[in-house]
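**Student:** Provided below are the primary sequence and the corresponding predicted coordinates.
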Amino acid sequence: MKIVQRVFIWDFAPEKISLTLHRLRNEWGLDGISFVVSNPSKLLFLPNAEHGRFRYADEGAVCFHPEKSWYADLPIMPIASEICGAHNPLKEASEQAKAAGLRVSAVVSCCYNPLLGKRHPELTVQNALGDRILHLLCPANPIVREFLVRMVGDLVTNYPLDAIELEDLGYLTLTRLKDLVTDLKIPPATDHMLSRCFCEHCCRVAAELNIEIERVRFFLQNELEQFFIAPTELSQSTLDWDVWQGLVEGEARKVLHMRMDIVSSLLALLVEEIAHKHDKRVHVEGRLLPASLWQIGIDRQRLRELADAIEVDAKEVTPDRLPPYLLLNRQVFGDQVELWVRLHPSERFIPNKHAFLAQVRACKEQKVDGVVIVGYGSLRRQNWNWILEAITLLKS
Ligand SMILES: [Zn+2]
């Protein structure tokens, strides 16, 4: 089993990073390190970072300087975070990690990018009411697709990476933005309805397939307008495939299949660039409940064929519930693809060390292929001891 620590580059001071990474490899016993490429929020509070506890950053800006030639003739390219300055932190950190003997991966957020979306609304999801959701890029948009392929190409050719971890792949939902303010409760079904994309590209693909997408859009528009007055039955229902595929006399099913084809073909393009052309591994963010993957447009069968590993997140899962979820993922995906689990040794997601180590034990007993431990500078120092105990347990 591989144990990888997920970190922000901002956790490390450039002059100390080599020493720290050697310590993580040799004293902690980590196999690898995984660098989060784009800033996940406007402010990072990193109490145990080696320098700079508060990092103000543009959400969606990246920790590397893109090589311009990769994005020639495209209207967009990744936007380097202001914190980079003249440095290329990902370059320096990934080279130091390699030198320390760690396997190195980069976490790429695919369809969540508030920074690019605000600058280029035409690339974003447009819902049934015609509203643009600026923090979500539409996976059907040809520019978004090309941009993502070139960004992973830039990363795997210019940085000594062993793997790319693809996150936020597919049709995401409004509540992916964590600091959303509203007086409405938005249950998953409503979130799904509010976020369904009817941009010109989604509609073009539907037209090519002779799908009556306007009927589906009109149905959702009506439902949402009702929901803005008072909660409706559908808006409060569970997000089950059986219910949602049957709406609008089967037209809804065609749209859901279309979405899965769009996301699968995007994943295939990314795999072509990362794995086939450059021989690096592709990890894709999965879900504890694989049966819910259709909601974001992921086809389980295609995912199994295309990814090297699926990473599920054990955030907020009680230790006793983790084994059945892992078993379920094994049953759905078989041994063809590796199963990795993300664990969070943080008081935000797990009550205490005992519960965290119970999760770790579940991973060991279920013989998962890898564990990603999330957090370093963002954690309390006492929680570093949890990690050390987890590594000892997993390696024993
Ligand atoms: Zn779209």
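**Tutor:** Perfect, thanks for sending it.

**Student:** all strands of this protein, in order?
**Tutor:** All strands of the chain, identified by DSSP state E, fall at 2-7, 32-36, 43-45, 54-56, 103-109, 124-126, 132-137, 163-167, 281-285, 309-313, 338-343, 370-374.

**Student:** what helices or strands is the fifth one leaning on?
**Tutor:** Applying 3 or more Cβ pairs under 8 Å, 6 or more residues apart in numbering; DSSP states H and E, one finds that strand 103-109 contacts strand 2-7, strand 32-36, helix 89-99, helix 142-158, strand 163-167. For the C-beta atoms, the positions are set from N, CA and C on the backbone; glycine is no exception.

**Student:** specify the angle between it and helix 89-99 in degrees.
**Tutor:** Calculated by axes from the mean of the first three to the mean of the last three Cα atoms, to 10 degrees, strand 103-109 forms an angle of 150 degrees with helix 89-99.

**Student:** strand partners of strand 103-109, parallel vs antiparallel please.
**Tutor:** Strand 103-109 has these partner strands in its sheet, going by DSSP bridges: strand 32-36 (parallel), strand 163-167 (parallel).

**Student:** so which of the helices and strands packed on strand 103-109 comes closest to the ion?
**Tutor:** Relative to the ion, the nearest member of the helices and strands packed on strand 103-109 by Cβ to the ion is helix 142-158, separated by 9.0 Å.

**Student:** which one of the helices and strands packed on strand 103-109 lies closest to residue 276?
**Tutor:** helix 142-158 (11.2 Å; Cβ to Cβ).

**Student:** tell me the angle that closest one makes with helix 89-99.
**Tutor:** Compare the direction of helix 142-158 with that of helix 89-99 by the same axes, to 10 degrees and you get 40 degrees.

**Student:** can I get the strands paired with strand 103-109 in CSV with mean pLDDT, mean neighbour count and distance to the ion?
**Tutor:** What follows is the strands paired with strand 103-109, written out as CSV (pLDDT from 0 to 100; neighbours: other Cβ atoms under 10 Å; distance: least, Cβ to the ion, whole Å):
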stretch, mean pLDDT, mean neighbour count, distance to the ion
strand 32-36, 98, 23, 26
strand 163-167, 98, 24, 19
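
**Student:** among the ones you listed, which is nearest residue 356?
**Tutor:** In this view, the strands paired with strand 103-109 are compared for proximity to residue 356 by Cβ to Cβ, and strand 32-36 is the closest at 18.7 Å.

**Student:** mind checking how far residue 187 is from residue 139?
**Tutor:** The span separating residue 187 from residue 139 equals 24 Å under the rule Cβ to Cβ, to the nearest Å.

**Student:** ok, these two, which is more surrounded?
**Tutor:** When neighbours are counted by other Cβ atoms under 10 Å, residue 139 comes out ahead of the other of residue 187 and residue 139, with 28 against 17.

**Student:** next up, the contacts around the more buried one.
**Tutor:** Contact analysis of residue 139 by Cβ atoms under 8 Å, 6 or more residues apart in numbering lists 110-111, 145, 169-171, 262-263, 266, 297.

**Student:** repeat that for residue 90.
**Tutor:** Applying Cβ under 8 Å, 6+ apart to residue 90 gives the contacts 9, 35, 37, 62-64, 106, 159.

**Student:** any of those residues buried? List them.
**Tutor:** Buried subset of the contacts of residue 90 (neighbour count, 16 or more other Cβ atoms under 10 Å): 9, 35, 37, 62-64, 106, 159.

**Student:** tell me, what residue is most central in this structure?
**Tutor:** Against the mean C-alpha coordinate of the chain, by Cα atoms, centre = their mean, the closest residue is residue 167 at 2.0 Å.

**Student:** bridging residues for that residue?
**Tutor:** residue 109.

**Student:** am I right that it is in contact with residue 285?
**Tutor:** Yes - using Cβ atoms under 8 Å, residue 167 is in contact with residue 285, at 4.6 Å.

**Student:** in contact with the closest residue to residue 166 other than its chain neighbours, which residues are there?
**Tutor:** Closest residue to residue 166 apart from its sequence neighbours, by Cβ to Cβ, 6 or more residues apart in numbering: residue 284 at 5.0 Å. For residue 284, the contacting residues are 165-166, 169, 267, 298, 303, 306-307, 309-311, by Cβ under 8 Å, 6+ apart.

**Student:** can you rerun that using 10 Å?
**Tutor:** For residue 284, the contacting residues are 110, 164-167, 169-170, 267, 270-271, 298, 303, 306-311, 337, 340, by Cβ atoms under 10 Å, 6 or more residues apart in numbering.

**Student:** what about residue 245, how many residues nearby?
**Tutor:** Residues within reach of residue 245, counting by other Cβ under 10 Å, total 16.
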